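> I would like the atomic coordinates for the input below:
(one chain, ligands or ions: 1)
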Amino acid sequence: MTVATAPARTLRIGPIELDAPVVLAPMAGITNTAFRRLCREYGAGLYVSEMITTRALVERNQTTMRLIRHHESESLRSIQLYGVDPRTVADAVRMLVAEDRADHIDMNFGCPVPKVTRKGGEQALPWKLDLFRGIVTEAVRAAGPIPVTVKMRKGIDDDHLTYLEAARIAEDAGVAAIALHARTASQFYSGHADWAAIAALKEAVTGVPVLGNGDIWSAEDAQADDG
Ligand SMILES: Cc1cc2nc3c(=O)[nH]c(=O)nc-3n(C[C@H](O)[C@H](O)[C@H](O)COP(=O)(O)O)c2cc1C
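Below is the predicted model of the structure:
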């Protein structure tokens with residue numbers, strides 16, 4: 001789960017106003033339409049799709065086209081994209097918008113899986129600031145009125161922290177919110193999320209909502225002072 005940093009009782013993501021400042025963290029293989037609808041029965045919020053590869057999307061891969069489909073009851077259609085090439089990302093975003101397939105697009109820069117980072121993608125990307133800027137800028141431009149958000153980690157490891165600089169770039173590029181999974185890529189899913197980093201990000205980013213992610217297991221966790 002991902003929550004808006006306090007003080008927030010609602011959450012505004014561009015033109016989208018959510019009654020609850022809560023986002024279901026995207027999970028490949030899990031946050032499909034059935035799971036999202038099940039979660040939605042418990043309250044308002046934003047329910048993001050599984051990560052979608054932009055290359056597969058522009059090629060209209062059959063599985064990918066199925067993964068981006070929403071049930072008619074999903075009134076807020078949120079799709080998470082991943083890509084390493086600004087032009088392909090822009091094409092994918094344009095396609096979603098032109099075909100009216102999404103109300104919100106999240107860009108994933110936080111996956112630590114080696115088969116992804118090896119290609120220079122995901123969490124390795126904010127380290128390559130120009131490429132990161134290019135991807136986010138192109139995505140926002142291609143999305144037009146559809147809000148684009150970014151989700152990232154703290155950095156590659158404790159010696160290569162990127163989140164503050166990446167957030168500044170993303171805010172400049174016009175994203176509607178910034179989510180931080182407060183672990184480094186080298187931590188994978190181990191250890192604890194560093195909520196002090198989320199607080200630091202909240203201090204640094206003043207123009208758009210900051211969402212904190214990591215180690216939220218219960219409603220009490222989400223409501224905690226450091227959550
Ligand atoms: C099985 C699994 C799949 C995931 N897939 C994605 C994904 O597709 N996109 C993404 O941004 N994060 C993905 N994540 C990361 C989660 O969204 C979240 O950032 C992470 O689990 C931290 O939260 P936690 O400490 O509550 O587990 C995945 C995590 C898990 C466990």
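> which parts of this protein sit against the ligand?
Proximity of the chain to the ligand, by CB under 6 Å from any ligand atom, involves residues 25-28, 30, 50-51, 80, 108, 110, 151, 181, 189, 193, 213-216. Every residue, glycine included, has its C-beta placed from N, CA and C.
> One more pass at 8 Å, please.
1-2, 25-31, 48, 50-51, 80, 82, 106, 108, 110-111, 151, 181, 183, 189, 193, 213-217 (CB under 8 Å from any ligand atom).
> Emit the ChimeraX select command for whichever of those are buried.
Selecting only the buried entries of the residues of the chain next to the ligand in ChimeraX, with 16 or more other CB atoms under 10 Å as the criterion:
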select :1,2,25,26,28,31,48,50,51,80,82,106,108,110,111,151,181,183,193,213,214,215,216
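> taking the residues of the chain next to the ligand one by one, which sit in helices?
Using DSSP state H, no member of the residues of the chain next to the ligand falls in helices.
> Give me the subset of the residues of the chain next to the ligand that lies in strands.
2, 48, 50-51, 80, 82, 106, 108, 151, 181, 183, 213 (DSSP state E).
> Spatially, which two of those residues are the most separated?
Distance extremes for these: the farthest pair is 50 and 183 at 19.8 Å, using CB to CB.
> how about the strands in this protein?
Along the chain, counting by DSSP E, strands occupy 2-4, 11-13, 16-18, 22-24, 46-53, 78-82, 104-109, 148-155, 177-184, 210-213.
> I am finished for the moment; much appreciated.
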